[in-house]
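Engineer: Generate a structure from the sequence data that follows.
(one chain, ligands or ions: 1)
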Amino acid sequence: MTAFGARYAAALAERGRLCAGIDPHASLLHDWGLDDDLAGLERFALTAVEGLAPHVPVVKPQSAFYERFGSRGVAVLERVIAESKAAGALVLLDIKRGDIGSTSQAYADAYLDPASPLGSDAVTVSPYLGFGSLTPFVATAEKHDAGLFVLALTSNKEGPEVQHATVEDGRSVGQVMLDHLRRLNDGESPLGSFGAVVGATIGGADGAGVAYDFGFNGPILAPGFGEQGGTPADLARIFGPANANVVASTSRGLLRKGPDVAALRDEARRLRDVLG
Ligand SMILES: O=c1ccn([C@@H]2O[C@H](COP(=O)(O)O)[C@@H](O)[C@H]2O)c(=O)[nH]1
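Structural biologist: Numbers count the residues shown, from 1 in each chain. Next up is the predicted model:
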């Protein structure tokens, strides 16, 4: 198979820069006239896939919203993954896992091996047990031509307590994570397969804050677009030239347009055009 970084670059070139989050919040199920039960979850998730997956480069189901229904919810997630892939979207499973190395290997096998029921194109991982703890994820991604999106600068207001702290050489912890990615992606073309999660909300609306070097030659997932306040202007301000490698992720803001399949499709197309 082609490396994830190349598949990601091709998907953005073909379908634009919107990542559709498929997050079945209880409140959204209610808004769609569905019960917050397994049948509601299934109807919601598969309708969202039908409306969005054929039109966006990346879909991002958030695993927690499926896990809350137990094993049968996870079975719905398996269908979301399979049907999104069949519709031509890359699947980025949002799991934010990270643990000691031996456990990370089990997570990597569960989520990155295409033979696994939950096998996805890429996953989100947390480097905050130390970047080296991600080594099993990196090796397994390389083995299966999959990708990783490493939490670097998250969209939540609590993130800076950890991510803006500085190390001995003066770099912020968030920048250290980006620099590890630069090493992993070195020499890859058109893009490496090791990406970062950087919120579309970082730095404040006035552009004040710490400057980062996003030239690590990899994909960037920017959650916080839409519902959390991030705008296309914020993306341009935050990422500069690296904005071309960004997919802007929105979940609630997009899903509120359902349950009509055509309305979901139209909103995805509108946001794609807005993002350019
Ligand atoms: O820094 C981060 C990392 C991940 N997320 C996830 O993205 C979506 C955001 O949903 P919205 O409804 O568009 O706010 C959700 O799945 C989060 O877990 C994030 O928000 N910030």
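
Engineer: So what touches the host helix or strand of Leu181?
Structural biologist: Using DSSP states H and E, Leu181 sits in helix 173-185. For helix 173-185, the surrounding residues in contact (C-beta atoms under 8 Å, 6 or more residues apart in numbering) are 5, 127, 131, 138, 150-153, 162-167, 171, 191-196, 210, 212-218. C-beta here means a position set from N, CA and C on the backbone, and glycine is covered the same way.

Engineer: buried subset of the residues you listed?
Structural biologist: 5, 127, 131, 138, 150-153, 163, 191-196, 212, 214, 216-218 (16 or more other C-beta atoms under 10 Å).

Engineer: so where do the helices sit in the stretch 51-200 of the chain?
Structural biologist: 64-67, 70-86, 101-112, 135-144, 160-163, 173-185 (DSSP state H, counting those that start in this stretch).

Engineer: so which of those helices gets nearest the ligand?
Structural biologist: helix 64-67 (7.4 Å; C-beta to the nearest ligand atom).

Engineer: Please work out the average pLDDT along the closest one.
Structural biologist: Mean pLDDT, computed over helix 64-67, is 98.

Engineer: same thing with stretch 95-115?
Structural biologist: Mean predicted confidence for stretch 95-115 is 97.

Engineer: end to end, how far does it reach?
Structural biologist: 18 Å (C-alpha to C-alpha, to the nearest Å).

Engineer: And for it, what's in contact with it?
Structural biologist: So stretch 95-115 is in contact with 63, 93, 116, 118-120, 123-129, 133-137, 139-141, 144, 146, 151, going by C-beta under 8 Å, 6+ apart.

Engineer: and if you look at stretch 233-250?
Structural biologist: With C-beta under 8 Å, 6+ apart as the criterion, stretch 233-250 contacts 9, 12, 17-21, 57-58, 60, 191, 198, 200-203, 205, 207, 214-215, 218-227, 230, 232, 271, 275.
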